[in-house]
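[1] Kindly generate the corresponding structure for this input.
(one chain, ligands or ions: 1)
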Amino acid sequence: MMFETRTCPAYEDEKEFTDLKTIIKKKLGFNCDGYKQAHLKRRLAVRLRANNSESYKEYAMTLLNKDGESEKLKETLTVNVTELFRNPETYEKFSRIGLPELIKTKGENRTIKVWSAGCSNGEEPYSIAIMLLEFLGPRANMYNISILGTDIDDDSLRIAQCGVYKPKQLEKISKGRLDWFFIKKGDDYVVADEVRNIVHFKHHDIISGPRLYGFDIIFCRNVTIYFDKSLQDELYMKFYDSLNEGGYFLMGKTETLFGKTGGLFKPVDINERIYRKLR
Ligand SMILES: C[S@@+](CC[C@H](N)C(=O)[O-])C[C@H]1O[C@@H](n2cnc3c(N)ncnc32)[C@H](O)[C@@H]1O
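    Numbering: from 1, shown residues only. Below is the predicted model:
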């Protein structure tokens, strides 16, 4: 078997790297500044290799002149890996200890607003919707539930909007959930209207996009992992502001709250990265 041994780029030039980041920002609207630079370089190397570019400068010319390269680079930079009920134990724990508290605190206020920030192909917001519908059962009709899925990747958002899944993607879903919340369509399954009606998608950049407010729950899982510490801290502060008092914040299992935001949230379950905004 042959392995790729060539290093990409052939030489490191920080000025060329900075210039390339400026071009990426202008051409793709993708701001690389807060990304961990080592991660960024690894992702760029994929496209340099694919285009036989020896340097960032050479790749910059390709990016500016080659049809379709912008789309391919964006696809490479945005890591879209996701699945329905990713880390099912987190959903189970949140349903058991977070949701009862949230509902109790809300009392007569029957509006539940959720934000899935960096929702990729939609699996996360649909899982949240199913979790809420299961938890509330017949009471769901009494609530005005709205789940917003946002991402910077429009291709992902298009897939999310369709809500169509292959049987392979549903292998870990219980038969009960499959029968109740999905409808078989040809070889695939489509998310049932009951779920779809409470989930909405829109393009939004968590770094530079407009601030969003009034959420009871925010999921931002496996997104900030690619950002440097100071950007992470800034974003966690923004999420804090976006939450209602007593609202919940859920992170990815390899992400942690630290610095000033660490003191603003109460850890509800550290293992599952479930936090609550202190009153
Ligand atoms: C690995 S996926 C995580 C999906 C889902 N949250 C999960 O945990 O399964 C990361 C997603 O974050 C999105 N993303 C990256 N940077 C972003 C930004 N600045 N604003 C919004 N979304 C972003 C990517 O496009 C990608 O779809």
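[2] now the helices: where do they sit in the stretch 51-200 of the chain?
    All helices of the stretch 51-200 of the chain, identified by DSSP state H, counting those that start in this stretch, fall at 56-65, 69-77, 88-93, 99-106, 123-136, 154-162, 175-181, 193-196.
[3] list the helices and strands the last one packs on?
    Contact partners of helix 193-196 among helices and strands, from 3 or more Cβ pairs under 8 Å, 6 or more residues apart in numbering; DSSP states H and E: helix 123-136. Glycine gets a C-beta too; all of them are placed from N, C-alpha and C.
[4] quick one, the helix it packs on and helix 154-162 angle?
    With axes from the mean of the first three to the mean of the last three Cα atoms, to 10 degrees as the basis, helix 123-136 and helix 154-162 are set at 30 degrees to each other.
[5] re earlier: can you lay out the helices of the stretch 51-200 of the chain as CSV showing distance to Asn244, mean neighbour count and mean pLDDT?
    As requested, the helices of the stretch 51-200 of the chain are exported to CSV (distance: least, Cβ to Cβ, whole Å; neighbours: other Cβ atoms under 10 Å; pLDDT from 0 to 100):
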stretch, distance to Asn244, mean neighbour count, mean pLDDT
helix 56-65, 42, 17, 97
helix 69-77, 33, 17, 94
helix 88-93, 21, 17, 98
helix 99-106, 9, 15, 96
helix 123-136, 16, 22, 98
helix 154-162, 25, 17, 95
helix 175-181, 27, 14, 96
helix 193-196, 23, 16, 97
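[6] and of those helices, who's closest to Lys266?
    Lys266 lies closest to helix 99-106 among those, at 11.1 Å (Cβ to Cβ).
[7] which residues are contacting the closest one?
    Ile112, Met131, Leu132, Phe135, Leu136, Asp216, Ile217, Gly246, Gly247, Tyr248, Arg276 (Cβ atoms under 8 Å, 6 or more residues apart in numbering).
[8] can you rerun that using 6 Å?
    The set of residues external to helix 99-106 that reach it, using Cβ atoms under 6 Å, 6 or more residues apart in numbering, is Phe135, Gly246.
[9] can you check stretch 167-180 too?
    With contact meaning Cβ under 6 Å, 6+ apart, stretch 167-180 is reached by Tyr189.
[10] Can you check the distance spanned by it, start to finish?
    End-to-end distance for stretch 167-180: 15 Å, by Cα to Cα, to the nearest Å.
[11] any residue of it up close to the ligand?
    No - if you take Cβ under 6 Å from any ligand atom as the test, stretch 167-180 misses the ligand, and the best it gets is 12.3 Å.
[12] roughly how far is the worst-scoring helix or strand of the chain on mean pLDDT from the heart of the chain?
    Within the chain, no helix or strand scores below helix 259-262, which has a mean of 80 by mean pLDDT, DSSP states H and E. Its chain's C-alpha centre and that of helix 259-262 lie 21 Å apart, by Cα atoms, centre = their mean, to the nearest Å.
[13] Residue nearest the middle of this structure, spatially speaking?
    Per Cα atoms, centre = their mean, the C-alpha nearest to the average position across the chain is that of Gly118, at 2.3 Å.
[14] Cheers, nothing more for now.
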